[in-house]
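Chemist: Got a sequence here, can you model it:
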Amino acid sequence: MGLLKNPHDKFFKAAFSDIETARGFLQHYLPEEVKKQIDLATLETTQGSYVDRELKESHTDLLLRADIAGRKGYVYLLIEHKSYPHKSVILQLLKYMVKIWEKELQAGKKLSVIIPIVVYHGQKRWGVEGRLSGLIEGYAELPETLRKYIPDYAYELHDLTSEEEGERIESGEVKLTVYLFRAVVAPDKEREMRWIIEAMQALKEVSGRRDIEDLIDLGFRYLLSLNLRIELEELVEIARRFSEERGEQIMTLAERLIDKGMQKGRENGLKEGLKEGLKEGLKEGLEKGLERGLEKGREEEKYIIAKRLILSGMDLSEVSVITGLSLEDLQKIDRLS
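Modeler: Numbers count the residues shown, from 1 in each chain. This next block holds a predicted model:
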């Protein structure tokens with residue numbers, strides 16, 4: 001297991017595919033009048049994504065099925081990873097819902113009720129219109145004879161950047177998920193550490209579930225895959241305050257990630273060396289290629305180790321001593337991380 005590719009996407013999908021987490025999230029964040037219409041006991045996940053390919057880095061979605069007002073319906077979760085919200089999200093959300101309805105039409109079914117929820121995971125406060133009609137110029141002044149021709153809908157919003165005063169989340173699974181998301185968008189190290197501590201506290205509430213360990217492991221990989229301000233040693237120390245086992249789990253995971261990076265560097269170097277060797281000629285070329293490959297592998301290994309250490313928050317001068325790379329090279333790596 002290495003660092004997560006598209007870490008927000010991976011963690012969001014895993015967290016909300018856990019029915020207890022999804023049910024707890026809806027129970028906590030949906031308005032009371034909406035919850036009364038949804039039988040959360042019937043909640044189940046469905047397969048597939050409706051997000052446009054070019055937007056997959058900034059959007060992640062999950063479609064949940066449940067009985068709504070006595071009929072089969074859906075709750076559609078869209079998570080927005082962009083640093084800054086964009087008003088086009090309300091059109092994109094409608095587009096994704098239309099894709100769901102098109103599948104139903106193709107199957108010869110009537111259209112189901114869809115309750116859309118946007119989970120915002122950016123750095124600035126959400127300021128996008130809550131209804132499609134809010135984007136239409138002069139909509140409020142239009143006579144009813146014209147309004148009936150204009151489609152309109154609203155969505156529910158959960159802004160992970162905002163904390164409600166006196167907020168009390170009952171579900172341990174929801175606490176763990178929400179607090180980890182808040183940690184990675186925290187504006188400073190102090191609040192980053194605060195939310196990580198809150199997440200570790202939530203771990204104590206869910207550790208009794210046998211089927212939750214994969215999600216916990218993924219949550220730790222999620223933190224380690226991002227460029228947080230907190231150092232690895234601090235993260236391990238926080239975990240150990242709650243459980244020696246959790247501290248060791250994070251440390252072991254971090255070591256595995258570093259080892260995997262070193263192994264990948266060696267493998268890439270050997271492959272490159274063999275490729276070069278074959279081009280230059282059999283015996284002599286292979287010997288030269290292997291030598292170059294090993295050298296390149298060792299060099300790549302240095303860069304991979306350096307990147308991991310920088311991401312863990314280690315000072316560049318210390319990384320330079322460990323890897324032998326110049327401060328100029330390390331500054332370039334830091335800018336690209």
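Chemist: Give me the nearest residue to residue 214, chain neighbours excluded.
Modeler: Leaving out its chain neighbours, the residue that sits closest to residue 214 by CB to CB, 6 or more residues apart in numbering is residue 14, at 7.6 Å. To be clear about C-beta, it is placed using only N, CA and C from the backbone, and glycine gets the same treatment.
Chemist: And the next helix or strand past the strand or helix carrying that neighbour?
Modeler: Element membership for residue 14, per DSSP states H and E: helix 7-17. Heading C-terminal from helix 7-17, the first helix or strand you meet, by DSSP H and E, is helix 19-29.
Chemist: buried sites along the host helix or strand of residue 215?
Modeler: Residue 215 is part of helix 213-224, with elements assigned from DSSP H and E. In terms of neighbour count (16 or more other CB atoms under 10 Å), helix 213-224 has its buried residues at 215, 216, 218, 219, 220, 221, 222, 223, 224.
Chemist: tilt between it and helix 19-29?
Modeler: 70 degrees (axes from the mean of the first three to the mean of the last three CA atoms, to 10 degrees).
Chemist: Which residues does the helix or strand following helix 213-224 contact?
Modeler: Sequence order places helix 232-242 as the next helix or strand after helix 213-224, per DSSP H and E. Applying CB atoms under 8 Å, 6 or more residues apart in numbering, the contact partners of helix 232-242 are 193, 196-197, 200-201, 203-204, 223-224, 228, 246-247, 249-251, 254, 312-314.
Chemist: ok, now with 10 Å
Modeler: 189, 193, 196-197, 199-204, 207, 220, 223-224, 228, 230-231, 245-251, 254-255, 308-309, 311-314 (CB atoms under 10 Å, 6 or more residues apart in numbering).
Chemist: Drop anything exposed from the residues you listed.
Modeler: 193, 196-197, 199-200, 202-203, 207, 220, 223-224, 228, 230-231, 246-247, 249-251, 254, 308-309, 311-314.
Chemist: From residue 68, how far out is residue 212?
Modeler: 28 Å (CB to CB, to the nearest Å).
Chemist: Tell me which residues of the helix holding residue 14 come out buried.
Modeler: Within helix 7-17, judged by 16+ other CB under 10 Å, the buried ones are 7, 8, 9, 10, 11, 12, 13, 14, 15, 16.
Chemist: Now residue 209. Nearest residue, chain neighbours left out?
Modeler: residue 20 (7.7 Å).
Chemist: Report how many residues lie close to that neighbour.
Modeler: 17 (other CB atoms under 10 Å).
Chemist: I'd say it and residue 172 touch.
Modeler: Yes. Applying CB atoms under 10 Å, one finds residue 20 in contact with residue 172, separated by 9.0 Å.
Chemist: Quick check: neighbours shared by the two?
Modeler: 206, 209, 212.
Chemist: Of the residues you listed, which one scores lowest on pLDDT?
Modeler: Ranked by pLDDT, the shared contacts of residue 20 and residue 172 bottom out at residue 209, which scores 72.
Chemist: And the strands in the stretch 1-150 of the chain?
Modeler: 38-45, 59-68, 71-80, 114-120 (DSSP state E, counting those that start in this stretch).
Chemist: Could you figure out how far the second one is turned away from helix 19-29?
Modeler: Same thing as strand 59-68. Using the same axes, to 10 degrees: strand 59-68 against helix 19-29 is 80 degrees.
Chemist: and strand 59-68, which residues are buried?
Modeler: 59, 60, 61, 62, 63, 64, 66, 68.
Chemist: Can you name every helix or strand that that strand contacts?
Modeler: helix 7-17, helix 19-29, strand 38-45, strand 71-80, helix 89-106, strand 114-120 (3 or more CB pairs under 10 Å, 6 or more residues apart in numbering; DSSP states H and E).
Chemist: Sheet partners, orientation included, of that strand?
Modeler: strand 38-45 (antiparallel), strand 71-80 (antiparallel) (DSSP bridges).
Chemist: same check, this time on the shortest one
Modeler: Taking DSSP bridges as the criterion, strand 114-120 forms sheet pairs with strand 71-80 (parallel), strand 156-159 (parallel).
Chemist: Let me know which of these is tucked in deepest.
Modeler: Ranked by mean neighbour count under mean count of other CB atoms under 10 Å, the strands paired with strand 114-120 are led by strand 71-80, which reaches a mean of 20.
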